[in-house]
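Asker: For reference, the sequence and a predicted model appear below.
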Amino acid sequence: MALTTPASLGGGIAAEQVRRQLTGNRSDVSGKAFQAILIAALATSIVILGVLVYDVAQTGSGTLTGRLGDFLQGSLRSQAEASGILQGLRGTFFIGVFTVVVAFPVGIASAIYLEEYARSTRLTRFIDVSIRNLAGVPSVVYGILGLAIFVKALGSFTGPDAQGRSVISAGLTLAILVLPIVIITSAEALRAVPAELREAAYGVGATTWEVTKHHVIPYAAPGILTGTVLALARALGEAAPLILVGAVTGFLSGGTGMSLDSLDERFTAMPIVITTWAGRPGADWEQATAAAIVVLLAVVLLANAIAILLRNRYEKKRG
Amino acid sequence: MPDNLTREVRLMAENGSPVPRTEPAPPGVPQQAVFDVSGVAVYYGDFRAVRDVSLDVRQHEITAFIGPSGCGKSTMLRCFNRMNDLIDTARVEGDISYHGVDLYDPAVNPVEVRRRIGMVFQKPNPFPKSIYDNVAYGPKVAGAKGNLDDVVEEALQGAALWDEVKDRLKESGMSLSGGQQQRLCIARAIATDPEVLLMDEPCSALDPIATGRIEDLMVEIKERYTIIIVTHNMQQAARVSDRTAFFTTEVNEESDRRTGLLVEYADTDKIFTTPDDERTENYVTGRFG
Ligand SMILES: Nc1ncnc2c1ncn2[C@@H]1O[C@H](COP(=O)(O)OP(=O)(O)OP(=O)(O)O)[C@@H](O)[C@H]1O
Ligand SMILES: [Mg+2]
């Protein structure tokens, strides 16, 4: 309108009209409402999370401030005041190591094969769907798998003196549990690499391996890292499969060795410690449980923080 | 085509010796064919994107592909360096031979093909690396050792970009403007010293000055290379190319989608002055659609 009339209306009036049109606030009610819903949803989750963390920290603060050193270095005992979580931390540490050493390379390699090398055929699509389904299988099922394979069938390798109920069995079981998650998130990150980047590299005569190594992996690294750390956090928090592969819930002698020789001994892990303690009566145990939860949270947060630092470094390199 | 050259190409594909160089034929004598295309159709899944393409691309000439959007120019261009291999659904029917060697023979290694047949894409796609590394990448994967400064400078000079970037070779290729990025991609393609250069609308993001420089460059380097260029710019096709292929689209009976086809392929002068086909005439005179 304003565009067609300025000559007849004169400059000043046209400018006034344009100003009115440009500054006029069309009310965008549904947009505003949608934004409000989004904010409310976000706020709800943050508040719930905050309350939980606050509650746990509050309950566990006595233990954490009173005897943090003893708590971190002590063993499982029958009295709450004397109990510590060293055995649980050690088990969780090695489970993390197994996940990083077994599930990450195997999972990332599988994803690279599926995305970069395999052509899309009926077979690869079937494999893809199967992996997605595997990621949804309940964790106890993996526990049963671990019991059958690593504890029973391979017991003489995984723990000759512990009937196979060792941290090796646990680590391998959880590595398999998170493998589908690692594959899916890595494949997703690889799929997000722009086709133009691959074409550019293939176009100057690079081989598939060169394209993957020089361009695709560096570009996808931040995404792969984020996914794998989520998988790691999942592995560190699982309790059910560990019970099936024979994690110790009561008294455990030893179970603190950090050498490779000690990997075939009996073990426990943080989620087991937490669930066991949580079942015991009395305020003392409640406090100890809360303190153990805070420590496990701190461990997971630490893993995440490292991942974020690494990711930022890769992203900067990606330019 | 002489048999010995065919054998030479076969050998090359096996041991990666350098690209064969021949002198342009003297005026009046027809140039040798680099590509012989006959009865080619390209499918994306069930969809036939382009059909009935038969043409020969001659050495030391610039061949232009023109035609309306979606008629399969890019699709056809990507057949010449096996780029369509990267699209799982894409399938090529018919024969494309390169110096008499069937490009789609299972024994042919697409990586070797792409070292000899370079490509500049429709959208600028520099690597997220430094300007220097963008240009040096091709020679590096081809096995070049040592200092590549001269190669990089020569390629950037060739792509008319050197003066603009010579003081910032360490900066990311992504930090350049769109037109500069496209020239960087041209530099990257010529840095490997290919025999054939496939250019998909290389000037669509460039200002007239840069376009002029790229056109000059093409004419200059056709002594050494064979060039196939896709362009929407009629003047450009008329200015630089020796021969022109006009493609158009036709509605399919089976589906609503349009299949592209080659209408006419002849000397550029003929296409722009006295084309045989009415559709060609309508298109080049701007009466299309
Ligand atoms: N990867 C793909 N998958 C499926 N169909 C495709 C793909 N790429 C191109 N096509 C289809 O093939 C046909 C030809 O596309 P192409 O890109 O070759 O056209 P073009 O002549 O280069 O057009 P433009 O001038 O717009 O670049 C189009 O109908 C397009 O939709
Ligand atoms: Mg195109």
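Answerer: Thanks, I have it. Ligands and ions are numbered 1, 2, ... in the order given.
Asker: C-alpha only now, for contacts and for neighbours.
Answerer: OK.
Asker: For B:Asp277, give me its contacts.
Answerer: By CA atoms under 8 Å, 6 or more residues apart in numbering or on different chains, the residues touching B:Asp277 are B:Val263, B:Glu264.
Asker: Any stretches of the chain with poor pLDDT?
Answerer: With no chain named, the answer covers chain A. Scanning chain A with the threshold set as pLDDT under 70 gives A:1-12, A:318-319.
Asker: please go with chain B instead
Answerer: Using pLDDT under 70, chain B drops low at B:1-30, B:254-255, B:288-289.
Asker: Quick check: which element contains whatever residue of the stretch 151-289 of chain B ends up closest to chain A?
Answerer: Relative to chain A, the nearest point of the stretch 151-289 of chain B is B:Ala189 (6.4 Å; CA to the nearest CA). If you go by DSSP states H and E, B:Ala189 is part of helix B:178-191.
Asker: now whichever helix or strand comes after that helix against helix B:178-191, angle please.
Answerer: Later in the chain than helix B:178-191, the nearest helix or strand by DSSP H and E is strand B:196-200. Relative orientation of strand B:196-200 and helix B:178-191, computed by axes from the mean of the first three to the mean of the last three CA atoms, to 10 degrees: 160 degrees.
Asker: which residues are contacting strand B:196-200?
Answerer: By CA under 8 Å, 6+ apart, strand B:196-200 touches B:74, B:77, B:116-122, B:189-190, B:225-231.
Asker: that older thread, now the closest residue to the residue of the stretch 151-289 of chain B closest to chain A other than its chain neighbours, what's its secondary structure?
Answerer: Spatial nearest neighbour of B:Ala189, excluding adjacent residues (CA to CA, 6 or more residues apart in numbering or on different chains): B:Gly118 at 5.5 Å. Following DSSP: H, G, I helix; E, B strand; the rest coil, the label given to B:Gly118 is strand.
Asker: quick one, what contacts B:Gly118?
Answerer: Counting by CA under 8 Å, 6+ apart, B:Gly118 has contacts A:Gly203, A:Val204, B:Asn81, B:Ala189, B:Ile190, B:Thr192, B:Pro194, B:Glu195, B:Val196, B:Leu197, B:Leu198.
Asker: which residues of the stretch 1-150 of chain A fall in helices?
Answerer: Taking DSSP state H, counting those that start in this stretch as the test, the helices found in the stretch 1-150 of chain A are A:6-9, A:11-23, A:29-66, A:68-73, A:86-98, A:104-112, A:122-135, A:139-146.
Asker: Tell me who's in contact with the closest residue to chain B within chain A.
Answerer: Chain B sits closest to A:Gly205 of chain A, with a gap of 4.6 Å, by CA to the nearest CA. Neighbour list for A:Gly205: B:Val111, B:Glu112, B:Val113, B:Arg114, B:Arg115, B:Gly138, B:Val141, B:Ala142 [criterion: CA under 8 Å, 6+ apart].
Asker: now swap in A:Leu147 and tell me
Answerer: A:Leu147 sits in contact with A:Leu244, A:Val245, where contact means CA under 8 Å, 6+ apart.
Asker: Quick check, central residue of the chain?
Answerer: Answering for chain A, as no chain was given. A:Leu230 (1.4 Å; CA atoms, centre = their mean).
Asker: ah, no, chain B please
Answerer: Centre-most residue of chain B, counting by CA atoms, centre = their mean: B:Leu198, 1.1 Å.
Asker: In the beta-sheet assignment, what are the partners of it?
Answerer: Residues in a beta bridge with B:Leu198, per DSSP bridges, are B:Met119, B:Ile228.
Asker: circling back to that earlier point, export the contacts of A:Gly205 to a markdown table and tack on neighbour count?
Answerer: A markdown table is the format used below for the contacts of A:Gly205 (neighbours: other CA atoms under 10 Å in any protein chain shown):
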| residue | neighbour count |
| --- | --- |
| B:Val111 | 21 |
| B:Glu112 | 20 |
| B:Val113 | 21 |
| B:Arg114 | 25 |
| B:Arg115 | 28 |
| B:Gly138 | 26 |
| B:Val141 | 18 |
| B:Ala142 | 17 |
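Asker: Show only the entries of those found in strands.
Answerer: Among those, the subset assigned to strands under DSSP state E is empty.
Asker: contacts with chain A among those residues, please.
Answerer: Contacts with chain A within the contacts of A:Gly205, as defined by CA under 8 Å from any CA of the partner chain: B:Val111, B:Glu112, B:Val113, B:Arg114, B:Arg115, B:Gly138, B:Val141, B:Ala142.
Asker: Relative to ligand 1, which of the residues you listed is nearest.
Answerer: The nearest member of these to ligand 1, counting by CA to the nearest ligand atom, is B:Arg114 at 18.9 Å.
Asker: so the closest one sits right up against B:Arg82, yeah?
Answerer: Yes - between B:Arg114 and B:Arg82 there is a contact at 7.5 Å, judged by CA atoms under 8 Å.
Asker: how about the helices of the stretch 1-150 of chain B, start to end?
Answerer: Along the stretch 1-150 of chain B, counting by DSSP H, counting those that start in this stretch, helices occupy B:3-15, B:73-79, B:110-116, B:131-141, B:149-158.
Asker: how about the ones next to chain A among the contacts of A:Gly205 in JSON lines, adding distance to B:Asp267?
Answerer: As requested, the ones next to chain A among the contacts of A:Gly205 are exported to JSON lines (distance: CA to CA, whole Å):
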{"residue": "B:Val111", "distance to B:Asp267": "32"}
{"residue": "B:Glu112", "distance to B:Asp267": "31"}
{"residue": "B:Val113", "distance to B:Asp267": "27"}
{"residue": "B:Arg114", "distance to B:Asp267": "27"}
{"residue": "B:Arg115", "distance to B:Asp267": "28"}
{"residue": "B:Gly138", "distance to B:Asp267": "33"}
{"residue": "B:Val141", "distance to B:Asp267": "37"}
{"residue": "B:Ala142", "distance to B:Asp267": "35"}
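Asker: List, out of these, those positioned next to ligand 1.
Answerer: When the ones next to chain A among the contacts of A:Gly205 are checked against ligand 1 using CA under 6 Å from any ligand atom, none falls in range.
Asker: Much appreciated, bye for now.
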